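Participant: I'd like to go over a predicted model; first the sequence, then the structure.
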Amino acid sequence: MPPENSLTGSAIMRPRARLIGLIGEELISDEPVALVELVKNAYDADARSVKISFEGQDPGKPNRIVVIDDGHGMDIDTVLSAWFEPGTIKKCTKDTSPGGRKYLGAKGIGRFAAGRLAETFVLESAAGDEEQSVFVLIDWGKFSDESYLDEVSIDYEVRPLPDLRRGTRLTLEGIRKEWSEKDYEELYARLSRLISPFKDVADFSIFLDIPFLPQFSGKVQPPELILKPKYFLNGTVDKEGNFLGYVAISSDIAVDPDEKELMSKTIKRKLVDADARPTCGPFQLEIRAWDRDRPGLEPFMNRYSLSITEIRRTLDHYCGVSIYRDGFRVYPYGQKGNDWLNLDLRSRQNPPKNLANNQIVAAIRISREDNPDLRDRSTREGMVFNAAHLDLEKWFIEALSSLEEERYDVRPRREKLAVDEPLFEEFDLSAMVQHAKKEFGKDSPATKLILDANKQIQAGVERIQDAFSRLLMSAGIGHLVDIVIHEIGAPLGKINRQLVIIENKLSSALDGQQFELALSLISPIKGWLELIYNLRKRLDPQTAGKRGRATTFDVKEEIEDNFHLYEGLINRQNIKYEIKAPSRPFKVIMSRSSLGQILVNLIDNSIFWIRRQKGAGKGGRIKVLLEPVDQGFSIIFSDDGPSVLLQNRIKIFEPYYTTKPNGMGLGLYIARLLIEPYGKIVYRDDCDLPGACFELLFERRVGR
């Protein structure tokens with residue numbers, strides 16, 4: 001029973017009228033988005049076309065927007081029972097429109113986009129099979145006062161509309177925003193990317209009418225520059241994680257994705273690990289890419305009569321990775337500045353190979369049926385960041401790397417970057433070139449020889465600058481490791497001493513059985529500390545004061561120590577490794593850290609590729625053979641993962657070349673640099689295990 005003198009009862013929630021305006025402001029982020037919502041409504045109404053017109057007495061400053069479609073329209077019953085009910089369940093109870101289209105909207109919120117655009121809103125709709133049409137007038141000002149929502153009335157009328165036989169016309173009077181040319185350009189780009197490039201929607205067109213900007217009037221579609229890129233990839237990631245597609249790279253100007261007979265290469269591969277499956281579900285993708293430097297864009301300048309600035313601006317408007325669900329783009333994926341895959345960061349990590357966000361126009365095709373875990377956010381912008389979303393990111397990057405590998409093969413050198421204070425003295429033979437032209441003529445063999453030498457010198461300096469800057473980054477990380485290795489020693493010692501004190505205190509305070517129980521709790525802690533201590537000991541030779549210093553050590557011991565560093569990963573994968581070496585200690589005098597760094601790169605690569613081929617935890621084998629040679633020793637390192645393709649066996653030692661989706665391409669390159677003072681590293685194909693096989697030959701300066 002309620003307490004005495006308490007007040008109980010029930011009440012009805014009465015929202016204020018301004019809630020309607022808040023819905024439009026909060027869920028519709030800008031004016032182009034608002035118009036996109038109205039276009040989607042036309043599609044849901046089974047329209048074959050929709051037209052957006054900007055009208056007014058001054059063409060340069062229109063005060064009216066008219067949106068008209070040829071859909072099925074609405075009768076008075078539909079308007080009163082569905083359109084006047086925000087959040088109606090009509091679409092929720094059905095997945096498709098009467099014409100069989102997948103509904104794009106399901107909450108009835110899109111209609112409030114009109115409130116974002118203009119002060120008043122007139123809806124005229126004819127169902128086609130009715131003699132009468134519906135006329136509705138909404139003054140959004142009524143929804144900005146303190147009235148309750150159920151007190152606001154909306155006027156409507158049923159009357160003949162001779163100029164509207166079938167469909168819906170929305171007239172938005174009193175445009176709230178003064179549109180600039182930049183706004184119209186953004187609207188055109190947004191609408192031209194709304195419909196999927198996968199031809200899911202073949203019977204729906206969008207038209208714009210902007211009288212003073214004819215370049216943005218007419219049927220909306222991407223510019224030809226976007227339709228015909230330099231690089232092109234199309235394919236499907238199936239539910240098993242297999243990628244099947246084709247890649248095309250133009251040798252002159254651009255490729256036409258519709259001319260499949262010109263496609264250069266079919267790609268078929270398993271992505272991620274052997275047993276991995278995309279939890280996001282299967283999806284299709286299409287990637288168009290360009291080189292944004294002047295040499296890469298000059299052919300497009302000539303073909304389309306555009307300047308470099310105009311081409312780059314167009315790419316800026318269309319660049320990014322969009323997601324299309326059931327034929328239409330999910331906003332804001334692919335929007336300008338929306339680098340949701342962190343492609344720019346990935347490109348900075350490996351600029352010669354990885355594509356940046358502003359170099360690609362890409363599309364991912366999903367559906368509600370095949371990708372149910374990719375769900376909309378409640379704000380209607382973007383999708384929920386769950387495990388399926390993270391998986392979509394990972395699998396797309398894996399597929400993208402296929403195109404990047406092909407691009408690297410035809411364009412292996414990075415674009416030239418301007419620097420204010422170069423680290424290296426500029427090697428420039430231009431004065432010599434000019435002198436040679438004057439003395440011998442520009443077509444003489446001597447002049448051509450000097451020209452070629454100048455190009456080679458510039459390319460070589462550029463590669464050195466590239467490698468040096470990346471190695472400086474690695475050195476910075478190494479400095480942090482030095483600090484950690486040094487600083488971790490003191491707390492480890494203190495913890496060990498404190499444990500001894502605790503044991504002594506417990507031995508005097510507890511009886512025998514209790515003391516044994518306490519020791520059983522302390523024992524694991526001591527074991528974990530020993531693991532940390534051993535890890536520190538193995539890393540100690542890599543610290544700054546000891547890197548590069550020649551010391552005497554046993555080569556087999558160094559090999560074993562580096563395998564111990566990866567013990568956790570090796571055990572998780574269930575890899576069995578074998579080290580064959582002379583029975584007696586094989587000692588040398590050289591930089592122990594150099595040998596360790598080379599071995600670390602090889603072990604790391606083996607673990608990665610074994611997992612990729614066999615699947616997580618599915619085993620694998622690594623074999624290391626240490627043998628003495630004249631003046632030194634050799635190490636043959638092999639595994640049973642995938643072998644390196646014949647055409648890649650030279651490239652794997654180049655800086656930045658990698659077939660890992662997020663690899664930096666420096667491991668084997670650094671190994672090659674580190675071994676050069678002592679000998680060489682080569683790839684072999686005659687080892688006992690069927691995977692990758694490398695021979696490290698240390699034949700000088702090893703102090704045996």
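Facilitator: Perfect, thanks for sending it.

Participant: alpha carbons only for contacts and neighbour counts from here, please
Facilitator: Noted.

Participant: How is this protein divided into domains?
Facilitator: The domain map for the chain lists 18-219, 226-410, 432-540, 548-698, with the assignment taken from automatic domain parsing.

Participant: List the contacts of residue 316.
Facilitator: Residues counted as contacts of residue 316 (C-alpha atoms under 8 Å, 6 or more residues apart in numbering) are 336, 358.

Participant: State the distance from it to residue 189.
Facilitator: Counting by C-alpha to C-alpha, to the nearest Å, the separation of residue 316 from residue 189 is 10 Å.

Participant: And residue 136, by the same measure?
Facilitator: In terms of C-alpha to C-alpha, residue 136 sits 31 Å off from residue 189.

Participant: Give me the more crowded residue out of those two.
Facilitator: More crowded of residue 136 and residue 189, by other C-alpha atoms under 10 Å: residue 189, with 21 against 17.

Participant: Within the helices and strands, which one has that one?
Facilitator: helix 181-192 (DSSP states H and E).

Participant: Grab the most central residue of this protein for me.
Facilitator: residue 341 (2.8 Å; C-alpha atoms, centre = their mean).

Participant: before we move on, what SS does residue 298 have?
Facilitator: helix (DSSP: H, G, I helix; E, B strand; the rest coil).

Participant: residues contacting it?
Facilitator: residue 308.

Participant: circling back to that earlier point, what's the average pLDDT for the next helix or strand after the helix holding residue 189?
Facilitator: For helix 181-192, the following helix or strand on the C-terminal side (DSSP H and E) is strand 205-209. For strand 205-209, mean pLDDT is 95.

Participant: OK, contacts around residue 639?
Facilitator: Counted by C-alpha under 8 Å, 6+ apart, residue 639 has contacts 606, 610, 620, 621, 622, 623, 689, 690, 691, 692, 693.

Participant: which ones are touching the fourth one?
Facilitator: Residues counted as contacts of residue 621 (C-alpha under 8 Å, 6+ apart) are 575, 576, 577, 639, 640, 641.

Participant: what does the last one give?
Facilitator: Residue 693 makes contact with 636, 637, 638, 639, 643, 683, 684, 685, 686, 687, according to C-alpha under 8 Å, 6+ apart.

Participant: Among the contacts of residue 621, which lie within strands?
Facilitator: Residues of those located in strands (DSSP state E): 575, 576, 577, 639.

Participant: ok, the second one to residue 569 distance?
Facilitator: Per C-alpha to C-alpha, residue 576 is found 12 Å from residue 569.

Participant: What of the last one?
Facilitator: Taking C-alpha to C-alpha as the criterion, residue 639 is separated from residue 569 by 15 Å.

Participant: quick one on the thing from earlier: of the contacts of residue 639, which pair is most distant in space?
Facilitator: Spanning the widest gap among the contacts of residue 639 are 620 and 693, at 14.3 Å by C-alpha to C-alpha.

Participant: so where do the helices sit in the stretch 551-700 of the chain?
Facilitator: Using DSSP state H, counting those that start in this stretch, the helices assigned to the stretch 551-700 of the chain run over residues 555-565, 567-573, 592-614, 667-675.

Participant: Out of these, which gets nearest to residue 310?
Facilitator: Across the helices of the stretch 551-700 of the chain, closest to residue 310 is helix 667-675 (C-alpha to C-alpha), at 38.6 Å.

Participant: hmm, who's touching the closest one?
Facilitator: Contacting residues not belonging to helix 667-675 are listed as 594-595, 597-598, 601-602, 652-655, 680-681, 696, 698 [C-alpha under 8 Å, 6+ apart].
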